[in-house]
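> Build the 3D model from these lines:
(chains A, B and C)
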Amino acid sequence: MDMELIQQIRGKARSLLEEGTVEGVIGYERAGDGVTSRPLFAYDSSAAERLIFDDTCTHNLVKYLLGKRGKKMAVMVKPCDSRAINLLLNERQIDRDKVFIIGVGCPGVVETEWNHKSETLQARCRSCLLTKPLVYDVLLGRELARKAEEETYSDILEAEAESVVSRREFWREQFSRCIRCYACRQVCPGCYCPVCFAEQLEPLWVGIRIAPEENTLWQTIRTFHLAGRCIGCNECERVCPVDIPLSLLNRKLEKDVKELFAFQAGLDPEEPPPFATFRKEEMPELGE
Amino acid sequence: MSAGYQPKVIGFLCNWCSYAGADMAGTSRMCYPQNIRIIRVPCSGRVDPLFVLKCFQRGADGVLVSGCHPGDCHYTEGNYHTRRRFALLREFLDYLGIEKERLRVEWVSASEGQRFAELVADFTTELARLGPRS
Amino acid sequence: MARIGVFLCHCGSNIAGSVNIPEVIEAVGKLPQVVHVEDNKFTCSDPGQASIQQAITKHRLNRVVIGACSPRMHEITFRRTVAGAGLNPYLLEIANLREHCSWVHPSQVKEATAKAIDLVRKAVARVAWQEPLTPKHVGITRRALVIGGGIAGIQASLDIADAGYEVILVEREPSIGGHMAQLDKTFPTLDCSACILTPKMTTVGQHPNIKLMSYSEVEDVSGYVGNFRVKIKNKSRYIDVSKCTGCGECAKVCPVELNSEFNENLGKRKATYIPFPQAIPNKYTIDKRGYPPCRVACPAGVNAQGYIALISQGKFKEALAVLRRTMPFAGVCGRVCTHPCEHDCERGKVDQPVAIRALKRFMADYELKAGREKATPVERTKEEKVAIIGSGPAGLACAYDLVRQGYPVTVFESAPVAGGLLRYGIPEYRLPKAVVDNEISYIRELGVEIKTNTTVKNLEEVFAQGYSAIFLGIGAGVSQKLGIANEDAKGIIYALNFLKQVNSGAKVDLGKRVVVIGGGSVAIDAARASLRLGAKEVHLVCLETRDLTSKDRMLAQDWEIEEAENEGLIIHPCLGPKEILTRDGNVAGLRTIICTSVRDTDGKFAPKFAEGPAPTIEADTIIVAIGQRLDVEAFEEVKKMPVGTVKVDSTTLETNIDGVFAGGDVVSGPADVIRAVAAGKEAAISIDRYLRGVDIQEGRPETVKRVKEVSKAGVTPKARHPMPTLEPGKRRGFDEVELGFDEKTAVAEAQRCLNCAVCSECRECEKVCEAKVVVHEMKDKVSEEEVGAIVVATGATPLNHTQFSIYGGGVYPDVISSLQLERLMSAAGPTGGEVVRPSDGAHPKEVVFISCVGSRDERTGSGYCSKICCMYMAKQAIMLKEHAPDTHSHIIYTDARGPGGKIFEDFLARAEKIGTTYMRGQIDNVAQQDGRLLVSGQDFLTDKTFNIPADLVVLATGLMPNQDIANLFQTLHISYDNKNYLLQAHPKLRPVETAMDGIFIAGCAVAPTDVPESVAQGGAAAQYVLKLFSQESIEAEPMTSIVDIARCTGCLLCRQVCPFQAIEAQILRDGRTVASINESLCKGCGICVVACRPGAIKLRGFADQQILAEVMSL
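Residues are numbered from 1 along each chain as shown, chains lettered A, B, ... in the order given. Predicted coordinates for the structure are as follows:
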């Protein structure tokens, strides 16, 4: 643990709270297992003393801003999480003036489970090229020169090379395990509809029973609603209790959106997302 | 086409071009396979990918989304949005195991009755070739 | 709970023939919520509709499904029926059992019936979710737009205007009238076309309710029925139409003549013109098509077409004045310009480019010979003094432009005489000093002060003398050195020094053998000067190759290399200097090395050398001409580039010092005169803006609109006139080699110009226009109008007959189009109504008409019948006979009919009766034989071949809409077919309506029509407009989108995708932002609904629930 950094974070949180700049600070604290970390909502300076930051801090805290709309909040943001800030700014879900962004330098987070921490960097960190958050009010910790390799989507390409039948079988098996707990949705910073299509009755898009074809529809539409919006934090896959490889879905669309529309979510809060715009001359072959 | 298997096709046709094009095929008495069921929408830009997914979930073998040619949209730009949405959905469906050939996006103008008839025939043949969805 | 009634229509046997109706009834009856099913022979008939209404009452129906024809056919009818029974008209759904089922599956009763059941089930599922909708009422702008000023558009405009409503008539040509104005007579009554059309045109022109916008085009249309907003571009005529009297003085002096479109290229018109005498409005139009290529290619933007046009008219003085509007160097550039203009000259695509440089020189020679009048000094209107440092072409061009704007300008020159490189760099035999002197004198006379023998050391000093801006044009005067052994030997001389000595009249002793090193223009000048100074042998050694097509070619121009070789220069290409050989400290020769490549693939100078035997050339003198650079020590305070040139802003030529600008060789490195002039001019613009304190960057560099296409049709090849030169044998002194054109040659050469831009901007018209209405700087204007209805009558055009070479079209001049014959027969036509052969003006006795040219044949034009040709061929045959009774016409037809009633058929009979030979057949070939045409083909009725000798062949070309009209139709959102004909709302029942409410169509834009049909349709369209205007208000489509604010997340993606700007952000009382839809702007496309992930937007009539219900029913 980088105690110097943690002291900086706590100091900043304290002053933000004491000066009344924000009502609360969203950060990380040590989890009950003493190994991993969990989100902390600090509303006074004593709570701020519990703030930590280390390579177990995997949560994308930006999600919690959605529940604090209208309040002035500070949030700890890793480089990858900052893309969620840009996404939500683009979609007008947060007010830049109401959010104080504590950017933290991040050397990558590791795979963790309850009471256990591995030494393996999460896959998304291995291809992360961001050296610091894209947007912040204060940057704590060091900006890091990363040795990451650019995302090559090799697993997606492999899947694409398979036959359509084997892909069908693969996903049938995966989705058949889905228990529709919606944890993937709950953790996703891009999922914030007041009523989710999966839970509405009129019209009834997704049947309530937990059956493979309904699960398929749920996952297909969930992913498609994130097309050009998923910022790759991969929290959905992390929280999935039945280990459905959701990153294979999200990153497939991320790759296609990049190829078809030259767009990546969360990099620029002003750039119109792919389904908000078009170019007249693109894809001339489709439909003719 | 084998006599036994009749693929089920659902077509979403925009009111101004493609639905009128299908009408034109009828007025001109052009015959095409009976497999298609047409749903009229104001614009191909009204076709939610959800509808298409529901079609496949309900057992459709193929779905056609058809609008005005680019540049000719009655609402100026609806079909450009259609093109983006369904270009991506086709790739995604294929990835999930539904052959992209089963989702067609086609531009048919009000005068292209023949094109519409040929298109339905061609699509039906292709779906028969692909066989039933498992 | 929905109570749905289903009504199935047999449509006679149209539906019942392939759909087993009883089976459908049985199946449908079992559907949930369906409480009543009945069938009817014709549901759309009165009893059919009455039956629906009774059933609604009797069975307390609250939803209705009708299985019948397409909803596009009778939805409105049945909505009215349903409403008549007290039900909301939108609680109705139509299952398309005819167009989408019975008609397309005629012999498959089983499948068609199954499909019909599906379609009805689908409609039942959908209608259950339908909600009652109430249309809103919106007001109507009672003002119509008519697009197209042909006879259909004229009729529509007059009918609407006469009924008391305002009309805006937009016509893209300068006059209304359309093709009817071109006709001589009209069938079948042989009325004079002009006599019946002109009064209508005049009425349009004078009608108080008609706003005629000719030479205008509709650019954009938004809004909806009753409330359209239209953007109309009024193309600039360069004539103030409000004041033009149509006197025609401008056309008399206009030097540019081109084929008259109105006369189908058989006559001529001027660049300023009225298309035909009865034109409405009767105002002139100057035809400008952009900048000519010569003007675009010229770095200084010299308008060559302008002065060439005037030379062609013998107006030599005026021509020179055109040049002097841009720059003062006719004599200089007429001799030494590298003339990029000629490279781009369109005439070069026919034969050879126009000799533009020679013509420029001619103007100067002519003035010099006639004696130039002293120029009138320009009045000084500005206070700020400008200093120009250097009196080369850049400095003088800059001074010239500034002095003419009223600035006091002083040129500082360190040499004893002004002119810079013009004087000291270019030898007398190419550019006589007298010419340079004359043009510098002219600049002086205008008021430019030139201080020679005045060296400026630093800029601070100049500013201190009260100058407000400085132009630095000091050139690149230091020769590059070779950097090889013995370069300091006696007998080495650098080209610029050498030329300066020669040009100053100093004696230079070269010895017998001279070697020049270098491959550029300066090297060639040095070599040719050496020959003239008496050197016995002159050799030129250069790295580059003599192959002038290579990337490694010599940089000198082609002609000067050739001239030099003619004069005896020996060129040693592909060699580099290796070592200078000396004897007693004097030059003895040059050892060379083989050069294999000069420039790399990027064109950068990167010579490569190879070992191997290379010649050694003996020499008494070696002249080094491998380039010049700037004196690096000069003006230290000015920032330089690594190569030593001055660093400037590439557009404005500003240096790092405020108020100091630089241009010419000092910036670019050694270039040519015209580029230096261009730089001087550009700097003058910057200096003027700098001194006036306005934005120096704005609008620069100027975007020049090059003319798009230059027609070369009918241009007969004619070789370029060569520049007369002094014979090589006589070229020992410094006499000028090129001799210049005489007047006759100049005029003949100028006449070769194709007048690419049409108007040459010579501005002679300005001089003669007494009303002062010519405005060459006029810009297109765009205006916005609000209208409630639109009539589209954009017409069609006969296919271009020259594309039918199989019939001799475009090959033989005596194969003409029917419209051309029309113009030949017209008393107002190019021949005054005399029908003559275009080739020799003879009276044609045997005339062959070929019908269906480009009609009824997909391969050559269109697959359809153009309808009017049979009749106009008969008319023309009759008229030919009337013009000259000894004319005999043959009409080779595919089918010959007079559709349009008995008098039409009688008319055909009359044509036959007067002796016209009608022959049903096909043409195999049209050939030329003994000065006549031989038409051969097959007679289908006798099955024999025929060969008809003819004096004139007339191609009856079919009609086709203009190909660029589709853009307009797209703007209007109206449908058209693959030939660009407009689609009617219904081909039989709604022939002048479109699928867009409030937009109506008439005339040939829909399908080929003759005059009476066009008039009838124009009138019919007007009637629909009036019907619309007679309503108090119109029902707006209620199928619009609505936002559920509880579900809206305020992301406003919907606002981004809405094509109609119908969605705005709305801030709620709780501070939340949500989307809000302006229903009057919403057109109900539903793009926003799909964009809305939270499902907060609903499109009334096409709700998710309804469409999903359809999907789920299948």
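
> Pick out the residue of the stretch 701-850 of chain C closest to chain A.
Residue of the stretch 701-850 of chain C nearest chain A, by C-beta to the nearest C-beta: residue C:708 (20.8 Å). All C-beta atoms are positioned from the backbone trio N, CA, C, and that covers glycine.

> CA-only coordinates of the helix or strand where residue C:688 lies, as CSV, when you get a sec.
Residue C:688 is part of helix C:673-692 when elements are defined by DSSP states H and E. Once non-C-alpha atoms are left out, helix C:673-692 reads as follows in CSV (Å, rounded to 0.1, in the frame of the first residue of the first chain):
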residue,chain,number,x,y,z
VAL,C,673,8.5,35.9,-62.8
ILE,C,674,4.8,35.2,-62.6
ARG,C,675,5.2,33.6,-59.1
ALA,C,676,7.1,36.7,-58.0
VAL,C,677,4.3,38.9,-59.4
ALA,C,678,1.7,36.7,-57.5
ALA,C,679,3.6,37.1,-54.3
GLY,C,680,3.8,40.9,-54.7
LYS,C,681,0.1,41.1,-55.3
GLU,C,682,-0.7,38.9,-52.3
ALA,C,683,1.5,41.1,-50.1
ALA,C,684,-0.3,44.1,-51.4
ILE,C,685,-3.6,42.7,-50.2
SER,C,686,-2.0,42.0,-46.8
ILE,C,687,-0.4,45.5,-46.6
ASP,C,688,-3.7,47.2,-47.5
ARG,C,689,-5.6,45.2,-44.8
TYR,C,690,-2.8,45.8,-42.3
LEU,C,691,-2.9,49.5,-42.8
ARG,C,692,-6.7,49.6,-42.7
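
> tell me what that helix is packed against?
Packing partners of helix C:673-692 (3 or more C-beta pairs under 8 Å, 6 or more residues apart in numbering or on different chains; DSSP states H and E): helix C:330-336, helix C:393-404, strand C:467-472, strand C:660-662, helix C:665-668.

> and the residue of the stretch 701-850 of chain C closest to chain A, what does it touch?
C:289, C:290 (C-beta atoms under 8 Å, 6 or more residues apart in numbering or on different chains).

> picking up where we left off before, model confidence over the very next helix or strand once past the helix holding residue C:688, on average?
Counting by DSSP H and E, the next helix or strand C-terminal to helix C:673-692 is helix C:743-750. The average pLDDT within helix C:743-750 is 96.

> how about helix C:743-750: buried residues?
Across helix C:743-750, burial judged by 16 or more other C-beta atoms under 10 Å in any protein chain shown covers C:745, C:746, C:747, C:749, C:750.

> Tabulate the residues you listed (a markdown table), appending distance to residue C:766.
What follows is the buried residues of helix C:743-750, written out as a markdown table (distance: C-beta to C-beta, whole Å):
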| residue | distance to residue C:766 |
| --- | --- |
| C:745 | 29 |
| C:746 | 24 |
| C:747 | 23 |
| C:749 | 26 |
| C:750 | 21 |
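
> ok, now which ones touch the residue nearest to the spatial centre of chain A?
The residue lying closest to the centre of chain A (C-alpha atoms, centre = their mean) is residue A:233, at 3.3 Å. Counting by C-beta under 8 Å, 6+ apart, residue A:233 makes contact with A:60, A:80, A:81, A:83, A:84, A:124, A:189.

> Do you know the pLDDT at the residue lying farthest from the centre of chain A?
Distance from the centre of chain A peaks at residue A:288, with 37.9 Å (C-alpha atoms, centre = their mean). Looking at residue A:288, its pLDDT stands at 77.

> coming back round to it: pick the most buried one from the helices and strands packed on helix C:673-692.
helix C:393-404 (a mean of 29; mean count of other C-beta atoms under 10 Å in any protein chain shown).

> What is that one packed up against?
Packing partners of helix C:393-404 (3+ C-beta pairs under 8 Å, 6+ apart): strand C:385-389, strand C:409-412, helix C:433-446, strand C:467-472, helix C:673-692.

> Name the residues of the following helix or strand past the third one that are buried.
Right, the one you point to is helix C:433-446. The element immediately downstream of helix C:433-446 (helix or strand, assigned by DSSP H and E) is strand C:449-451. Buried residues in strand C:449-451, defined by neighbour count with 16+ other C-beta under 10 Å: residue C:450.

> for stretch C:591-611, same thing?
Across stretch C:591-611, burial judged by 16+ other C-beta under 10 Å covers C:591, C:592, C:593, C:594, C:595, C:597, C:598, C:599, C:609.

> Also stretch C:544-558?
C:544, C:545, C:546, C:552, C:553, C:554, C:555, C:556, C:557.

> Inside helices: which ones of those?
In helices, judged by DSSP state H, none of the buried residues of stretch C:544-558 are found.

> In chain B, what residue lies closest to chain A?
residue B:97 (2.5 Å).

> quick one on the thing from earlier: how close does the residue farthest from the centre of chain A get to residue B:93?
21 Å (C-beta to C-beta, to the nearest Å).

> ok, and which of the buried residues of stretch C:544-558 reach chain A?
When contact is defined as C-beta under 8 Å from any C-beta of the partner chain, the buried residues of stretch C:544-558 do not meet chain A at all.
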